[in-house]
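J.: Compute the structure for the input listed below.
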Amino acid sequence: MKPSTAVIILNWNGDRLLREYLPSVIANTDPAVGRVIVADNGSTDTSVATLKELFPEVELMLFPENYGFAEGYNKALALAAQQGYRYTVLLNSDVKPAPGWLSPLVEWMDTHPDCGACQPKILSYSEPDKFEYAGASGGFIDRNGYPFCRGRIFSDVETDTGQYDDPREIFWATGAALMVPTQLYLDAGGLDAGFFAHMEEIDLCWRIHLMGKQIWVVPASAVYHLGGGSLPASNPRKTYLNFRNNLLLLHKNLPEKDLRGTLLRRRLLDTLAWAKFAATLDFANASAVWRAHRDFAQMRKAYTAHPAENLLRRPMQRRNILTDYYLRGIRRFKDLAL
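T.: From the prediction side, this is the model:
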């Protein structure tokens with residue numbers, strides 16, 4: 001009997017990562033529950049040869065060119081829908097799942113028809129007793145659009161002691177291990193290639209919420225994510241993408257009547273961030289903040305449709321995480337009393 005779920009790993013010239021991480025994905029994924037698929041984005045290294053030689057049990061989707069992260073996954077999920085997979089997990093190539101990781105996610109989706117996406121608990125591959133920065137035990141967002149996690153606020157990452165092992169409705173699920181109903185993903189428009197990298201999963205989850213669905217974390221499932229391998233936190237490129245994409249996230253998903261006030265607050269807050277970088281002579285990151293605002297001003301012109309509901313006014317999004325963190329000294333999610 002064909003499994004209900006496609007576990008899709010997008011690859012581009014990732015031979016080393018495939019050799020290191022794919023064996024655990026195969027070993028810990030019950031073939032009766034999920035089919036492991038590698039979607040190759042036109043790799044020019046030995047990835048495809050390695051897959052055919054060492055991992056013949058893995059299904060291949062071979063694309064003629066590198067479509068990038070967002071469009072590559074969009075094409076892969078379109079094929080998964082054609083093949084009849086009810087659910088799809090978008091799994092990063094640097095993730096090692098724990099044994100039995102997939103069944104709790106599938107069971108949750110099967111028994112919660114209002115769930116439009118879910119994620120497992122994300123632990124650090126290099127420090128397995130700690131949560132991983134990108135997702136931890138579920139993602140949230142504050143009233144100014146700043147993301148944080150159950151298990152990570154800004155750069156403070158908590159040790160996992162089981163304190164967040166209960167399933168919980170969240171605002172966004174990490175793109176490192178994101179489970180979605182395949183057709184719902186396509187109906188929502190998939191990942192927005194305009195983001196390039198960073199926060200595209202938050203944008204997708206926001207649109208899923210606007211469709212009337214919920215997002216959940218299911219900590220009975222756990223994976224270990226290397227993460228942080230592409231760009232360190234202090235990298236100006238990462239600073240640029242985070243600031244630009246956060247503005248784009250707000251512009252796309254807020255009602256037009258609420259844009260002016262929200263973006264004005266963000267300009268003021270981002271000016272403070274720019275001033276901090278400049279005061280410490282970190283001119284590369286200060287320039288990144290300025291360029292983020294400059295490029296956002298051009299990019300926003302392509303997004304003219306806005307929703308009617310402001311999700312930042314829902315109770316779960318009403319906190320000001322900057323005040324909580326910098327003035328109240330809150331470093332742990334449980335102290336937010338959300």
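
J.: how far does the helix ranked longest in the chain sit from the chain's center?
T.: With DSSP state H applied, the helix covering the greatest number of residues in the chain is identified as helix 256-279. The gap between where helix 256-279 is centred and where its chain is centred comes out at 23 Å by CA atoms, centre = their mean, to the nearest Å.

J.: got it, and stretch 187-206?
T.: 9 Å.

J.: so how far is the first residue of that stretch from its last?
T.: Using CA to CA, to the nearest Å, the end-to-end distance of stretch 187-206 comes to 13 Å.

J.: contacting residues around it?
T.: Under the criterion CB atoms under 8 Å, 6 or more residues apart in numbering, residues 68-71, 73-74, 77, 116-117, 139, 141, 147, 171-175, 178, 185, 207-208, 211, 215, 230, 238, 241-242, 245-246, 248-249, 252-253, 299, 302, 311 lie in contact with stretch 187-206. (C-beta placed from N, C-alpha, C; glycine too.)

J.: got it, and stretch 96-112?
T.: Under the contact criterion CB under 8 Å, 6+ apart, stretch 96-112 has outside partners 4-5, 7, 21, 24-25, 27-30, 33-34, 87, 89, 91, 115, 118, 120, 125, 167, 177, 179, 181, 214, 216, 218, 220-224.

J.: From these, list just the buried residues.
T.: Of the members of these, the ones counted as buried by neighbours, 16 or more other CB atoms under 10 Å, are 4-5, 7, 21, 24-25, 29, 33-34, 87, 89, 91, 115, 118, 120, 125, 167, 177, 179, 181, 216, 218, 220-224.

J.: other SSEs contacting the longest helix of the chain?
T.: Using 3 or more CB pairs under 8 Å, 6 or more residues apart in numbering; DSSP states H and E as the contact definition, the elements that helix 256-279 packs against are helix 236-253, helix 283-299.

J.: Return that helix as CSV; C-alpha atoms alone will do.
T.: As requested, C-alpha coordinates have been extracted for helix 256-279 and formatted as CSV (Å, rounded to 0.1, in the frame of the first residue of the first chain):
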residue,chain,number,x,y,z
GLU,A,256,-3.8,47.9,4.0
LYS,A,257,-5.3,50.1,6.7
ASP,A,258,-2.8,48.8,9.2
LEU,A,259,0.3,49.0,7.1
ARG,A,260,1.2,52.6,7.7
GLY,A,261,1.3,52.5,11.5
THR,A,262,3.1,49.1,11.7
LEU,A,263,5.7,49.9,9.2
LEU,A,264,6.3,53.3,10.8
ARG,A,265,7.1,51.6,14.1
ARG,A,266,9.4,49.1,12.3
ARG,A,267,11.3,52.0,10.6
LEU,A,268,11.8,53.6,14.0
LEU,A,269,12.9,50.3,15.6
ASP,A,270,15.2,49.4,12.6
THR,A,271,16.7,52.9,12.8
LEU,A,272,17.7,52.1,16.4
ALA,A,273,19.3,48.8,15.2
TRP,A,274,21.2,50.7,12.5
ALA,A,275,22.4,53.2,15.1
LYS,A,276,23.6,50.4,17.3
PHE,A,277,25.6,48.9,14.5
ALA,A,278,27.0,52.3,13.5
ALA,A,279,27.9,53.1,17.1
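
J.: Kind regards, and thank you for your time.
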